[in-house]
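Undergrad: build me a structure from this.
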Amino acid sequence: MAGAAHELSETFLEKEYSFYELHREEYERDLFGRFVLIYGEELIGDFATIEEAIKAGIEHCGVEPVLIRKVGEKEVVLRSFSYNIGP
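TA: Numbers count the residues shown, from 1 in each chain. Next comes the predicted model:
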């Protein structure tokens, strides 16, 4: 399991959104169109599909909240999704 659990008093994914905004220009230049997976203040990876990003998020962070964002596109927020990936 990755890092310490998020503090309950923090705004949901506040660290992740701040980290993304801090690196937005770099991501738009180098990772445009890819899905980035951010946990805390760390870029876990970039992926071609959202399914790959979700799977990596579960493998790396378990049930901890993560930010998955397609670089260069309008933000889409998923409030919840199934942890059952694959057969």
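
Undergrad: how close does Arg34 sit to Arg69?
TA: 10 Å (CB to CB, to the nearest Å). (Glycine included, C-beta is placed from N, CA and C.)

Undergrad: any weak-confidence spans in the protein?
TA: Residues of the chain meeting the criterion pLDDT under 70: 1-10, 75-87.

Undergrad: Arg34 and Arg69: who's more crowded?
TA: The residue with more neighbours, out of Arg34 and Arg69, is Arg69; 21 against 18, by other CB atoms under 10 Å.

Undergrad: that one bridge partners, please.
TA: Val36 (DSSP bridges).

Undergrad: contact partners for it?
TA: 20, 35-36, 38, 75 (CB atoms under 8 Å, 6 or more residues apart in numbering).

Undergrad: please redo it, this time with the cut-off set to 10 Å
TA: 16-17, 20, 24, 27, 34-38, 50, 53, 75-77 (CB atoms under 10 Å, 6 or more residues apart in numbering).

Undergrad: now, of those residues, which are buried?
TA: Taking 16 or more other CB atoms under 10 Å as the criterion, what is buried in those is 16, 20, 27, 34-38, 50, 53.

Undergrad: and for Arg34 and Arg69, which residues touch both?
TA: Counting by CB under 10 Å, 6+ apart, the residues touching both Arg34 and Arg69 are 27, 53.

Undergrad: now the strands for this structure?
TA: Assigned by DSSP state E, the chain shows strands spanning 35-39, 42-47, 67-70.

Undergrad: what would those strands look like in a markdown table with distance to Ile58?
TA: Shown next, in a markdown table, are those (distance: least, CB to CB, whole Å):
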| stretch | distance to Ile58 |
| --- | --- |
| strand 35-39 | 10 |
| strand 42-47 | 11 |
| strand 67-70 | 11 |
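
Undergrad: nearest to Thr11 among the ones you listed would be which one?
TA: Closest of those to Thr11 is strand 67-70, at 12.4 Å (criterion: CB to CB).

Undergrad: sorry, back to before: and of the strands of the chain, who's closest to Phe12?
TA: Comparing these by CB to CB, strand 67-70 comes nearest, at 10.0 Å.
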